[in-house]
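In: just the structure for this:
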Amino acid sequence: MQWVKITDIILVAALAVFAVFAILGLYQWIKRKSLKKVDKPLLLSLIPLSLMAATFIIFEKFLVLNTRPNGSGEPSFPSTHTMVVATIFLLTAIILPNYIKSKTARIIMDIVMLLFIILVSIGRVLANMHWVSDVVGGLIFAAIFAVIYYLILRRAKHA
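Out: Predicted coordinates for the structure are as follows:
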């Protein structure tokens, strides 16, 4: 299988994970009849996800720093696949302890998500879709979004 297809499949898997959290949050909102009663980890995840979407728009439309190595002329910094997959899976790793109590299950899921992040990071370069700097940029943005989320969530729990 080609690297582009592999990385696309992992991206869809990450988006499916996000969809599960979105549906759960929507269900809670409807069932509990108040947005304030939606679990904080779900509701607050909208902040880093919005930052991620804004980052995509900025670098895709307004601040093109680099183009793809394949000669297509499309913007390539940061790697959107890497940024989205890493952001969603890092947020998931922070959210999971609220819903899955088994430490073994969480560790297995964390390892799988880390492997997916690594596969996408390497795959985007091997597919000639991104430069290494694009992938590193995507990982840095994802780490920043995850840290912001963690700090906001920690502050909300202590408030």
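
In: can you give me the helices in this protein?
Out: In the chain, the helices defined using DSSP state H lie at 3-32, 40-44, 46-57, 80-95, 103-126, 132-158.

In: how about the second one as PDB, C-alpha atoms only?
Out: Written as PDB, here are the backbone C-alpha positions of helix 40-44 (Å, rounded to 0.1, in the frame of the first residue of the first chain):
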ATOM      1  CA  LYS A  40     -15.400  19.400  30.800                       C
ATOM      2  CA  PRO A  41     -12.800  17.300  29.000                       C
ATOM      3  CA  LEU A  42     -15.200  17.100  26.000                       C
ATOM      4  CA  LEU A  43     -16.300  20.600  26.000                       C
ATOM      5  CA  LEU A  44     -12.900  22.200  26.500                       C
END
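
In: show me what that helix is packed against.
Out: Contact partners of helix 40-44 among helices and strands, from 3 or more CB pairs under 8 Å, 6 or more residues apart in numbering; DSSP states H and E: helix 3-32, helix 80-95, helix 132-158. For every residue, glycine as well, the C-beta is placed using N, CA and C.

In: the inter-axis angle of the first one versus helix 103-126?
Out: Comparing the axes of helix 3-32 and helix 103-126 via axes from the mean of the first three to the mean of the last three CA atoms, to 10 degrees yields an angle of 140 degrees.

In: what of the shortest one?
Out: Taking the same axes, to 10 degrees, one finds that helix 80-95 is oriented at 170 degrees with respect to helix 103-126.

In: by contact count, what packs against helix 80-95?
Out: Using 3+ CB pairs under 8 Å, 6+ apart as the contact criterion, the elements in contact with helix 80-95 are helix 3-32, helix 40-44, helix 46-57, helix 103-126, helix 132-158.

In: in the last one, what's buried?
Out: Within helix 132-158, the residues scored as buried using 16 or more other CB atoms under 10 Å are 134-139, 141-142, 145-146, 149, 153.

In: where is pLDDT lowest across the residues you listed?
Out: The member of those with the lowest pLDDT is Leu153, and it reads 92.

In: wait, what's in contact with it?
Out: With contact set as CB atoms under 8 Å, 6 or more residues apart in numbering, Leu153 has these partners: 40-41, 44, 94.
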